[in-house]
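S.K.: coords please:
(2 chains)
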Amino acid sequence: MKKISQIILRYLFILLVIALAFGLRAHAAATLPIDYDEDDYLRAGQEFAHLIRTSNWRGFLETNYRPEHPQLAKIMFGVSILGLPEEPLIPDVPITSEPAESLPPDQLDAARRMSTIWGTLTAGLVALINPIGGILLAVHTFTIKYTSQVMLDGFAALMSTATALAYYFSKKKTGRQKTAFLVTSAVFLGMSASSKYLHSAVGIAILIDWFITARENGAVKKYLRNALLWGLLSLLVFFICNPFYWADPIASIRTTYEAVTATTTNTNVERANFPMWQQLMYMSMSVPLSWSQDGFLIRADGLIFVLAMFGIARTWKKDRFIAIWLLVDLFLLLAWRTKWAQYILVATAPLSFVAAEGIKESGRNIAAWWRSRRERRNEALEPVRNDSRRALPWLVPGLIAFTLLTILPLVFQSAISLTDFNVSSLREGFNGGIWRAIWGGITGGVPVTSIDINSNSNQVNFTGLQAYPLVFSYITGSFTTWNIIFFNIMWTVLSVVLQSALGLGVALLLWRKGIKLTKFWQAIFIFPWAIPEMIGALMWLNFFSPETGWLALAVQKYGENIPLGFFNGWENSADLWLVVYLLAAVWYGFPFMMLASNAGLKNLPRDVYDAAAIDGAGAWQTFRFVTWPLLLPLLIPAMVVRGIFSFNQFYLFQTFFFTSSTLATFSYNVFNPSGFGIRGQFALSAVINIIAVAILMILILLFNRWSKASEGVTYA
Amino acid sequence: MRKVSFIRQMLTQFIFVLIGLFVILPMWGIFRLAFDGSLIGRPTAFRFFPKEWSFEAFFRVLDKPYQSVDFLILLKNSLVVSLGAALVAVLLGISLAYAFARFRFPGRKSGLFALLLTAVLPPVAFMTPLYIILGMLQIRTTLFALVIVYSAFAMPFCIWSMRAVFQTIPKELEEAAFLDGAGDFKTFIYITLPLSLPSIAISGLIAFLIGYSEFALGWLFVDKAENVTLAMSIYAMTLNQYLGGAQPWSYVGSLAIIMSIPVIVIFLILQQTLIERMVLGSIDS
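M.R.: Numbering: from 1, shown residues only, chains lettered A, B, ... in the order given. Sure, this is the predicted structure:
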């Protein structure tokens, strides 16, 4: 009986997901302003509606407004407005123009409603195999946005999700049912590709997963035949769904190719100047408030992204295909040249699956932690009574100093964060205003003032916790589309990985027997470690500074074709600027990792290598199966040290005056009364600092669970 | 011993040369600036070597590098601030470090967590409250304020690393002394301290370096030219350069070199000890 009630509950839950998804999308469809490209797809829909109405079926062969995209999703928009009276065609404007001022309202509504239905169905499909994933997709703001406007991505995402799910089910079945599901997936894949080319990525993921499975079962030959048939079938479906290709496929492909080139190399793309990883940044935040103030009721995209990072390993173990699906999509988003936000719809469905696993994973971890906490409490050595008495004289002087110098300021900082103390209320604040506001606010003696950044009131006011959501949405990009927390963490990961790779690589080369001059080289490589960070930053500034730097002068003299000449103009390049900062960070950090690897390598037991040599292991195998597993536990603490340093990186960015890089740099510049932009906002900078403290606390707790790495915190 | 083939040897050396260039080039850029006597303002053309070798910039910088403040005053300020911070951090932290290393008292675990957390915070995290507290005490712009600020940054780290040092001293040694009738304090002075002194000195050195090379927070607190440190004046000169100031760029270069030399010398002399303390400290755990 329990089973039936569970099934009923499950379907009720799915219905709930559908209702939630529909409600949020309908709300967005009613509120969002007209966006770029909506006019294009509505016009395409008008054309198809006209063809259908006049039964001009031959027209399908040559009608494809905006030929960079295939026809199917546009035909669907045509269907959506079929029942409405015909309106004049929306004017044909260049692809780089601004969003349309107005569109025929009835048709816009109808097309948007169609979009809404696709988006709702996608969330429902996800909920079918993972209800929590369905909820996450239902509330994902970027997904809501592009499945409630007249965009092709909604239908394409529905088709590609259906493709993936059909394949997913085929893996659990055998015999004819398996074949039926595989055929279904091929059909849906063809339809995904004929909605938006990018969405055929799911096909690549299927082929990869299918291949791995076949190899595990030793059936690669059978796989090749079946996969070929499967691919041909989806190609056939694609061809059927795109009458545009029927008459002259070659010419149509050329038209498509030219149109795609035009959309990926136009002035809008250049002006946006997005870095390679822009789509990851979009995924790390909700739709910016500057795009829409009230279109979205729940804003949790960043949380979903973080959960997905926690869930990817578990997903790989449990449902490898879903993980591959997400990874292929992410890879494609990184590689694809244009970085418009709607493209992330390729990946949001698998992202929700993985994030749902992330919820389960975190839940399991917290439960395990809770259980072990109780055990540890039982095991933990009781404080020794005699020890407490003996410890007291040692504790008192240090504790006073430590409390006064560090704890008290941190407590005071959290109190300041409840006020609006800034440079214009400096005088009053110093003369007791801060105490008055904090004390009055906490005891309820003074009213809560609403926060206003532009206020130059010369009095300190109590604002309560208002600043927290404001600052948090600012630094996660709600106003600027630049998510500092995301950049900060990406920076940490990239610079630690690169430093460690170079440091370990150099150490391995130096370690090899018979290499000459190793002492000399090591002495050279250590140098950056001994130079104060700010001087190192100065050296790199002198090297790379635009126009006045060494490199810029060299290019002036010898032209672009000198070594490193391509770096000239890095400050305007979407991708090179990060490389420049990373170069400086790696320069400064790799010696530490080299020394750590060196020390670790010296500790490795020799006899293991002799055994490996006797077994005939090659150089790569020796590294992969002997050196690396033995060395990694020794390197992790050093990497944590470098990671904390990179997370807090400040002097490098301050010297290059890149203010919204790390939380530390941003906080400094928000604080600095003589800076640029937002400045002299003492209370806001306190809020940023507290957010940074919270993030560091979480990172430390994570690391501590992962390894005892924090024991080794040293100066890097 | 296996012999390395000639090609492999050459390939490795080639890689080393490339990495060596990566390490040396940016340093050389500053060197070439510092020794070029021909610079009037910013360098206008690319040169690999200085046009006219000269030590003039060094002499100028050793005289009055920044806003007609004597080099010696800047140096004195730097030393006061960083030595002061190092002393405060080590002397006031040492007893706490010992207590955490040796005794089991209630609240030890949460204390350790607080210590670790404050040790990994960026200096900027302390900037806001200290600015306000010191401002209210009306000592914000003095060198003493900088000593307090820098020791606040350095102290958690010093306690954390001294605690690790004390833990490596065998407990049996102390217990033997204790049984011989020496109290906790005597045991510490005669047994533990002498054994751990070199490592404590390294913690102090690192605390010193934090203050020695800090500039950004210094500029928030200090506003009088005579209270400026070396690192602060380098930053101010750099900023001035990029805003189109008239000073020859060789000054910043030579000041940066002068400032780094003592640090580099210390690092080279103490290399082995530093590696053991800083790098192995992170590995041994």
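S.K.: give me the nearest residue to the residue of chain A found nearest chain B, chain neighbours excluded.
M.R.: Going by C-beta to the nearest C-beta, chain B is nearest to A:Gly398 of chain A, at 2.7 Å. Placement of C-beta: from N, CA and C, glycine included. Nearest residue to A:Gly398 in three dimensions, chain neighbours excluded: B:Leu96, at 2.7 Å (C-beta to C-beta, 6 or more residues apart in numbering or on different chains).
S.K.: shaky segments in chain B?
M.R.: Residue ranges of chain B with pLDDT under 70: B:1-3, B:278-285.
S.K.: residue of it with the smallest distance to chain A?
M.R.: Counting by C-beta to the nearest C-beta, chain B gets nearest chain A through B:Leu96, at 2.7 Å.
S.K.: that residue and A:Val396 touch, don't they?
M.R.: No: here B:Leu96 does not reach A:Val396: they are 9.3 Å apart, not a contact under C-beta atoms under 8 Å.
S.K.: tell me where the longest helix sits in chain A.
M.R.: helix A:345-379 (DSSP state H).
S.K.: and that helix, what does it pack onto?
M.R.: Secondary-structure packing of helix A:345-379 (3 or more C-beta pairs under 8 Å, 6 or more residues apart in numbering or on different chains; DSSP states H and E): helix A:105-129, helix A:131-139, helix A:141-146, helix A:153-172, helix A:278-283, helix A:301-318, helix A:320-335.
S.K.: quick one: average confidence on it?
M.R.: For helix A:345-379, mean pLDDT is 88.
S.K.: okay, buried residues for it please.
M.R.: A:345-361 (16 or more other C-beta atoms under 10 Å in any protein chain shown).
S.K.: let me know the angle separating that helix from helix A:320-335.
M.R.: For helix A:345-379 against helix A:320-335, the angle by axes from the mean of the first three to the mean of the last three C-alpha atoms, to 10 degrees is 120 degrees.
S.K.: who's in contact with the residue nearest to A:Gly398?
M.R.: Contacts here follow C-beta atoms under 8 Å, 6 or more residues apart in numbering or on different chains; on that basis B:Leu96 touches A:394-395, A:397-399, A:401-402, B:159.
S.K.: top of those residues by neighbour count?
M.R.: B:Ile159 (33 neighbours; other C-beta atoms under 10 Å in any protein chain shown).
S.K.: that one and A:Gly398 touch, don't they?
M.R.: Yes: with contact defined as C-beta under 8 Å, B:Ile159 reaches A:Gly398; the gap is 7.2 Å.
S.K.: mind listing what A:Gly445 touches?
M.R.: Counted by C-beta under 8 Å, 6+ apart, A:Gly445 has contacts A:Trp439.
S.K.: same question for A:Gly119.
M.R.: A:Gly119 neighbours (C-beta under 8 Å, 6+ apart): A:21, A:25, A:143-144, A:147-148, A:154, A:157-158.
S.K.: how about A:Ala401?
M.R.: Contacts of A:Ala401 by C-beta under 8 Å, 6+ apart are B:88, B:92-93, B:96, B:155.
S.K.: what residue is smack in the middle of the chain?
M.R.: The chain I'm using is chain A. Central residue of chain A (C-alpha atoms, centre = their mean): A:Leu280, 3.3 Å from the mean position.
S.K.: was after chain B, sorry
M.R.: Chain B, centroid-nearest residue using C-alpha atoms, centre = their mean: B:Leu209 at 1.5 Å.
S.K.: and that residue, what element?
M.R.: Assigned by DSSP states H and E, B:Leu209 belongs to helix B:193-212.
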